Every structure is written in C-alpha cells, then in structure tokens.
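Turn this into a model:
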Amino acid sequence: MSTEHEPGGCIDRAEFDRVDLRVGTVLEADPFPEARTPAIRMRIDFGPAIGVLKSSARITERYSPESLVGRQVVAVVNFPPKQIGPHLSECLVTGFHDENGAVVLCTPDADVQPGTRLR
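Numbering: from 1, shown residues only. Modelled structure (predicted):
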C-alpha cells in the first residue's frame, strides 16, 4: 500500500496528535445567508473543558438547520478562528463529499460525551 497517494504524504503519530478532533453537540443552527456559498451557522457544545464554539459549514444540500440541533458532530477545535463574512468560525466541522459533492457529516454512531477526543 502506497503512503504517498494523498497530498502531503505520510505523517507520524505526533503530527496526527496535534490535530484536536472532538465530539460536540449542536445546540443551535441557522441559515447563513451572508456566506458566498450556502452554509449553516452552528453553536456546538464541546463540554466544560472547551465550552461552546461557533462554526459555519457548507452542508445545506443534505441538512437543514432544524435537523442539526441535538446532533453530534466531529470537529477540529484547535485551528485558529476564521472570519467568514460577519461570522467568526471557531472550529471546523468535518465531513466527506458524497458522489454528488454534497458533504456528509462525520458523526459518532452512538452518543459520546461532548468534548471526547478522537483517538
């Protein structure tokens, strides 16, 4: 199996460990009409150690704001905040593109304590 099939090539465990992927529960979600590409703004609870962070995600093809509230998502919580129009995104919600290019959220298949780190 080739380790150079992806951009960036092989990384070691220490590099992977620097990416802080955590489970959070979506508390609020609403349309983000100011975004250049259709998106949804979210407030996500990552538990007492991290707290509630804001995010914006281009996930409108598969998800409505109402369908996200209460749902758990996996996000990178240690990227620097990014200004997206009038919204400051504090974490990066993860997902995969399906065969049509729509984002499918990366989610745990059972409830996990908010703030739990992916290992």
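
if I pick the residue most central in space within the chain, what's in contact with it?
Ranked by distance to the mean C-alpha position of the chain (CA atoms, centre = their mean), the top residue is residue 93 at 0.7 Å. When contacts are counted by CB atoms under 8 Å, 6 or more residues apart in numbering, residue 93 touches 42, 44, 55, 57, 59, 73, 74, 75, 105. Every C-beta, even on glycine, is put in place using the N, C-alpha and C of the backbone.

Low-confidence stretches in the protein?
Residue ranges of the chain with pLDDT under 70: 1-6.

quick one, longest strand in it?
As far as residue count goes, and with DSSP state E defining each element, the longest strand of the chain is strand 21-31.

Now do the buried residues in it.
Residues of strand 21-31 classed as buried by neighbour count (16 or more other CB atoms under 10 Å): 21, 22, 23, 24, 25, 26, 29.

what residues does that strand touch?
Under CB under 8 Å, 6+ apart, the answer for strand 21-31 is 40-47, 50, 52-53, 60, 65-66, 68-77, 91, 94, 108, 112-118.

the inter-axis angle of the helix or strand that it is followed by versus strand 21-31?
Helices and strands here follow DSSP states H and E; after strand 21-31, the next one along the chain is strand 40-45. In terms of direction (axes from the mean of the first three to the mean of the last three CA atoms, to 10 degrees), strand 40-45 departs from strand 21-31 by 130 degrees.

Please compute how far the longest helix seen in the chain lies from its chain's middle.
Of all segments of type helix in the chain, defined using DSSP state H, the longest is helix 13-18. Offset of helix 13-18 from its chain centre (CA atoms, centre = their mean, to the nearest Å): 19 Å.

Next: stretch 48-59.
Taking the mean of its C-alpha atoms, stretch 48-59 sits 8 Å from the chain's own mean (CA atoms, centre = their mean).

For the closest residue in space to residue 18 that isn't next to it in sequence, grab the count of nearby residues.
With sequence-adjacent residues excluded and distances taken as CB to CB, 6 or more residues apart in numbering, residue 18 is closest to residue 78, at 7.6 Å. For residue 78, the neighbour count with other CB atoms under 10 Å is 12.
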